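J.: fold the following, please.
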Amino acid sequence: MPSIHSLTSDTAMLALVSALLTACGDPPQGPPPAASGPPQVGVVVVQPQRLALNTELPGRTVPYQIAEVRPQVTGLIQARSFQEGSLVKAGQPLYQIDAASYQASFESARATLAKSEANLRSTRLKSERYSELVAIKAVSQQDQDDASAALQQGEADVAGAKAALESARINLAYTRVVSPISGRIGKSSVTPGALVTANQATLLSTVQQLDPIYVDVTQSSSAVLRLKHALAQGDLKSGGANAAVVNLLLEDGSTYPLAGKLEFSDVTVDQSTGAITLRAVFPNPNADLLPGMYVRAKVEEGVSDHALLVPQPAVSRDAAGKPIAFVVGADGKLESRALTTERAIGDQWLVTSGLKAGDRLVVEGQQKAHPGQPVNAVPVAAPASAPPARVAAN
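T.: Prediction:
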């Protein structure tokens with residue numbers, strides 16, 4: 001009778017043989033999958049398009065006209081005839097200064113003129129008589145010369161009296177302080193009863209014309225040079241009559257409903273900031289724009305007829321941080337291209353070099369292949385046309 005040790009050895013041998021036979025056959029999951037084809041990538045065909053480029057610049061509102069109201073004669077303020085913050089017109093009375101002493105000076109100057117004119121009539125008649133008498137030797141030549149000199153002195157006295165009267169009239173008129181321009185007047189620094197003096201440092205009030213209103217914005221000199229070079233080389237062209245149109249974004253993010261017009265560009269670069277000031281003028285009928293407000297102005301730089309816009313997901317960065325993209329070449333292989341991107345426009349990049357019209361740009365599946373590898377290019381929907389480009393100033 002076989003021993004227990006012998007039976008155990010036979011059982012182990014049979015299990016080992018069965019395992020070896022199973023390993024030599026097909027696995028239970030079936031045959032391995034067949035080799036797949038080239039990796040699939042989504043592409044869009046790069047097409048040039050017409051694009052208006054706008055620059056967004058920071059700025060401040062500035063009154064169209066501003067006039068400081070100051071006294072030009074000395075005296076006590078008798079009355080204030082305006083409401084602070086109201087609209088005033090040019091020539092409208094604002095303050096009345098006590099005019100009693102100036103009225104007296106005016107009357108005195110008028111009396112002096114009348115006296116001088118009376119004396120002049122007498123000396124003129126005497127001079128005329130002496131001119132006739134000297135011809136018949138009735139008076140000496142010396143007497144006639146004295147009469148002529150007295151006549152000239154009388155004429156000078158009259159001219160001086162007229163000038164004094166005009167000066168007194170002007171000073172009397174200055175006691176009535178009027179608005180030099182039309183606009184909105186600010187707070188008054190004096191009240192009735194206050195003593196004011198000519199040429200004092202403290203102004204009485206300020207009048208500002210707010211319709212229209214200026215907006216002063218700044219742009220870096222390097223950006224101005226870049227724009228000039230682009231226009232000179234034909235990369236950009238002027239937008240024509242609409243190139244001077246400017247739109248505003250207000251402090252709360254809303255858009256000012258009325259468009260403005262670019263008036264001038266300063267000819268001097270600020271040495272501390274390296275910026276150039278641009279001035280635009282805006283209609284302001286409802287006084288929505290107040291002096292000193294912070295705004296952002298959208299200024300049209302120009303129009304590019306052959307702008308290349310690519311989706312931002314299609315652009316990546318190399319080890320040096322420079323932008324690159326992948327395209328499918330004519331041989332169906334993946335190619336890497338180094339790009340130059342000028343600015344972001346919405347969810348797209350404006351590319352100035354590295355791509356050309358007709359290139360098949362990879363926008364999906366870049367990670368499935370490497371440059372030089374054949375790929376299966378499948379067209380995908382192109383992104384919608386971009387709105388006018390806008391770039392914020394540095």
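
J.: got the residue ranges for the helices in the stretch 201-350 of the chain?
T.: With helices called from DSSP state H, counting those that start in this stretch, the stretch 201-350 of the chain shows them at 221-233.

J.: so where is it shaky, pLDDT-wise?
T.: 223, 226-244, 301-302 (pLDDT under 70).

J.: also the stretch 1-150 of the chain?
T.: Along the stretch 1-150 of the chain, segments meeting pLDDT under 70 span 1-36.

J.: could you pull out the strands for it?
T.: If DSSP state E, counting those that start in this stretch is used as the criterion, the strands of the stretch 1-150 of the chain fall at 40-45, 49-69, 75-80, 87-88, 93-97.

J.: show residues contacting the shortest one.
T.: Defining contact as C-beta atoms under 8 Å, 6 or more residues apart in numbering, one finds that strand 87-88 is touched by Phe82, Leu94, Ser179, Ser182, Gly183, Arg184, Ile185, Val207. C-betas here are computed from N, CA, C, even on glycine.

J.: wait, isn't Val196 in contact with Ser189?
T.: No. Proximity of Val196 to Ser189 does not meet the contact threshold set by C-beta atoms under 8 Å, at 9.7 Å.

J.: mutual contacts of those two, please.
T.: Counting by C-beta under 8 Å, 6+ apart, the common neighbours of Val196 and Ser189 are Leu204.

J.: buried stuff in stretch 108-116?
T.: Ala109, Arg110, Thr112, Leu113, Ser116 (16 or more other C-beta atoms under 10 Å).

J.: the third one: what's its closest spatial neighbour, skipping adjacent residues?
T.: Counting by C-beta to C-beta, 6 or more residues apart in numbering, the nearest residue to Thr112 once its immediate chain neighbours are dropped is Ala161, at 4.8 Å.

J.: again, but for the fourth one
T.: Setting aside the residues directly before and after it, Leu113 is nearest to Ala161 in space (C-beta to C-beta, 6+ apart), at 3.8 Å.

J.: contacts only, for the one you found.
T.: Residues near Ala161 by C-beta under 8 Å, 6+ apart: Ala109, Thr112, Leu113, Lys115, Ser116, Glu117.

J.: SS state for the spatially closest residue to the fourth one that is not a sequence neighbour?
T.: If the residues on either side of it in the chain are set aside, Lys115 comes closest to Ala161, at 7.7 Å by C-beta to C-beta, 6+ apart. Here Ala161 is helix, with the state taken from DSSP: H, G, I helix; E, B strand; the rest coil.

J.: quick one: contacts for the residue nearest the centre of the chain?
T.: What sits nearest the mean C-alpha location of the chain, by C-alpha atoms, centre = their mean, is Val217, with 2.9 Å. By C-beta under 8 Å, 6+ apart, the residues touching Val217 are Leu57, Pro58, Gly59, Thr277, Leu278, Arg279, Ala280, Ala297, Val299.
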